[in-house]
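> Predicted model, plus sequence, below.
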Amino acid sequence: DAGVIQSPRHEVTEMGQEVTLRCKPISGHNSLFWYRQTMMRGLELLIYFNNNVPIDDSGMPEDRFSAKMPNASFSTLKIQPSEPRDSAVYFCASSSQLREEKLFFGSGTQLSVL
Amino acid sequence: QKEVEQDPGPLSVPEGAIVSLNCTYSNSAFQYFMWYRQYSRKGPELLMYTYSSGNKEDGRFTAQVDKSSKYISLFIRDSQPSDSATYLCAMSAKDTGRRALTFGSGTRLQVQP
């Protein structure tokens, strides 16, 4: 298996633009997580899905952020409109129900909002 | 106050040293404790996993959990330059229905050859 695949690896955009981050979890994993990592705040959970259903989105900063998981093999995180304070590394991770403590992370998307 | 506190470092040690990394937490519902390692420009990867209190050893790595003090540790013996990375503690209270992991902010470790 290729692991968790995220795209793009890097995204540079201007304030006010829409940004869409993509994730393909490991086949067979039924939980998917979106995390954001910054120097100041560390690794923060934004939202997680179980069997494609959003379970906890309490970490989503505000209405500008939205996430979808239309099927078991694809998820998106959208920011509209983007702001400079959204600049961070965004990670997607997946896990199986049998080993929920073992998250497999993608390589992340480095987002810079100018 | 954050639920999980971790000294950000950086921690610089000579090759062969014993390294001690620590986290404290405030939520007594946490029952599962993990250590993840993150190399530069990569996602974190699971290093150690323990349930409840006690010790667990895996090669040069030992994880300790003291639930009474709400304190967990990771010890690295005979540290190597390849151990240079950021180490994040993580915790779960999944038995309460809260399945997502809560991470510490990470400690950056540098092992000097």
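Good, I have the coordinates.
> tell me which parts of chain A are close to chain B?
A:4, A:31, A:33, A:35, A:41-45, A:48, A:50, A:55-56, A:91, A:93, A:100-108 (C-beta under 8 Å from any C-beta of the partner chain). C-beta: built from backbone N, CA, C; applies to glycine.
> Any of those buried? List them.
A:4, A:31, A:33, A:35, A:42-45, A:48, A:50, A:56, A:91, A:93, A:100-101, A:103-108 (16 or more other C-beta atoms under 10 Å in any protein chain shown).
> Which ones among those lie within strands?
Taking DSSP state E, the ones among those that sit in strands are A:31, A:33, A:35, A:42-45, A:48, A:50, A:56, A:91, A:93, A:104-105.
> Excluding chain neighbours, give the residue nearest to residue 107 in space.
Just going to use chain A. Closest residue in space to residue A:107, ignoring its immediate chain neighbours: residue B:43 at 5.7 Å, by C-beta to C-beta, 6 or more residues apart in numbering or on different chains.
> that's the wrong chain, I wanted chain B
That would be residue B:9: by C-beta to C-beta, 6+ apart, it lies 4.4 Å from residue B:107.
> from memory the one you found sits against residue B:104, does it?
No. Residue B:9 is beyond contact range of residue B:104, at 11.5 Å (criterion: C-beta atoms under 8 Å).
> Give me the distance between the residue of chain A found nearest chain B and residue A:62.
For chain A and chain B, the shortest gap (C-beta to the nearest C-beta) falls at residue A:105, measuring 2.8 Å. Note on residue A:105: its distance to residue A:62, by C-beta to C-beta, to the nearest Å, is 24 Å.
> Adding pLDDT, write the ones in strands among the buried ones among the residues of chain A next to chain B out as CSV.
Shown next, in CSV, are these (pLDDT from 0 to 100):
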residue, pLDDT
A:31, 93
A:33, 95
A:35, 96
A:42, 88
A:43, 91
A:44, 92
A:45, 92
A:48, 92
A:50, 91
A:56, 87
A:91, 98
A:93, 96
A:104, 94
A:105, 96
